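>>> Return atomic coordinates for the entry below.
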Amino acid sequence: MTVAYIGPSVLISPRGITFDTKKEDKFLYLQSTADLLDAIDHEYVGDEVYSYASETGKWTDEVLLTKLKRHYDGVEKVIEEAEKSAHDYIDSMVERLKESTTLTEEERVVYSNNIEMMRKYMIQRHINKRVYYAVVQQLIERLRHNKIAYITASMNSGSFHVLNTMQRCLRQQKSPVNSQVSFESEGDEYMVKLSIINS
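Numbering: from 1, shown residues only. Down below sits the predicted model:
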């Protein structure tokens, strides 16, 4: 498998299949993570301030994966491990269903069939999520290695989401890093900024 958009979180029960539109697919933010990797993954000189013009438009799944691989050669291993762990998790769900004493036999069969019908969907969402967090971790490693003081990006849902995730992950590091997400404006353009307070 690969990275590909699949959709919102799926809710499965013996009564049917629905989707939680509040829990979007992390794939939507992968282009922003790849874009940020392009922007910060290079050599730095002294106290220079670097700028990067991100590419506009939506990338194909193949272009996205190629860009991710350029900066993170472990992405295929993440995909492979995520696919296996998702299969294992779904298999264990189906096994637990067989032993359920709260459902009728008919409900167990319907529930199991619904899970199997959505197996590929759930696996793809799991892959996208695992790749997203793995790439965010790559961003953090480069941020810390290069002693980057701040990152500013155009205000859009992708950039905001990625910088917000980075801030949360920086707090959860073995050696936590304080950071701040703020908003700025330059003329008519609004920017989101992740500042490193201590590293």
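>>> Only C-alpha atoms from now on, for both contacts and neighbour counts.
Will do.
>>> mind listing the helices for this protein?
Ranges of helices in the chain, per DSSP state H, are 30-40, 61-71, 75-98, 105-117, 119-145, 157-171.
>>> so which of those comes closest to D20?
Shortest distance between D20 and the helices of the chain, using Cα to Cα, is found for helix 119-145: 12.8 Å.
>>> before we move on, back to that, among the helices of the chain, which is the most enclosed?
Comparing those by mean neighbour count (mean count of other Cα atoms under 10 Å), helix 30-40 ranks first with a mean of 21.
>>> what about stretch 13-30, start to end distance?
End-to-end distance of stretch 13-30 (Cα to Cα, to the nearest Å): 30 Å.
>>> and that stretch, which residues are buried?
S13, P14, D25, K26, F27, L28, Y29, L30 (16 or more other Cα atoms under 10 Å).
>>> hang on, the earlier thing: now the helices of the chain in TSV, please, with extra columns for distance to E184 and mean pLDDT.
Supplementary listing: the helices of the chain in TSV, determined by distance: least, Cα to Cα, whole Å; pLDDT from 0 to 100:
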stretch	distance to E184	mean pLDDT
helix 30-40	18	89
helix 61-71	28	92
helix 75-98	33	96
helix 105-117	45	96
helix 119-145	21	95
helix 157-171	12	91
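>>> Using CSV, lay out these together with distance to S9.
Below are the helices of the chain laid out as CSV (distance: least, Cα to Cα, whole Å):
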stretch, distance to S9
helix 30-40, 17
helix 61-71, 20
helix 75-98, 14
helix 105-117, 13
helix 119-145, 8
helix 157-171, 17
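>>> how far away is S9 from D41?
32 Å.
>>> Pick out whichever of those two has more residues nearby.
Comparing S9 with D41 by other Cα atoms under 10 Å, the one with more neighbours is S9, at 18 against 14.
>>> so the more buried one touches K26, yeah?
No: the criterion here is Cα atoms under 8 Å, and S9 misses it with K26 at 10.1 Å.
>>> what touches both of these two?
R125 (Cα atoms under 8 Å, 6 or more residues apart in numbering).
>>> any idea how far D61 is from the closest residue to T2 other than its chain neighbours?
Leaving aside its chain neighbours, T2 sits nearest to I79 (6.7 Å; criterion: Cα to Cα, 6 or more residues apart in numbering). Per Cα to Cα, I79 is found 14 Å from D61.
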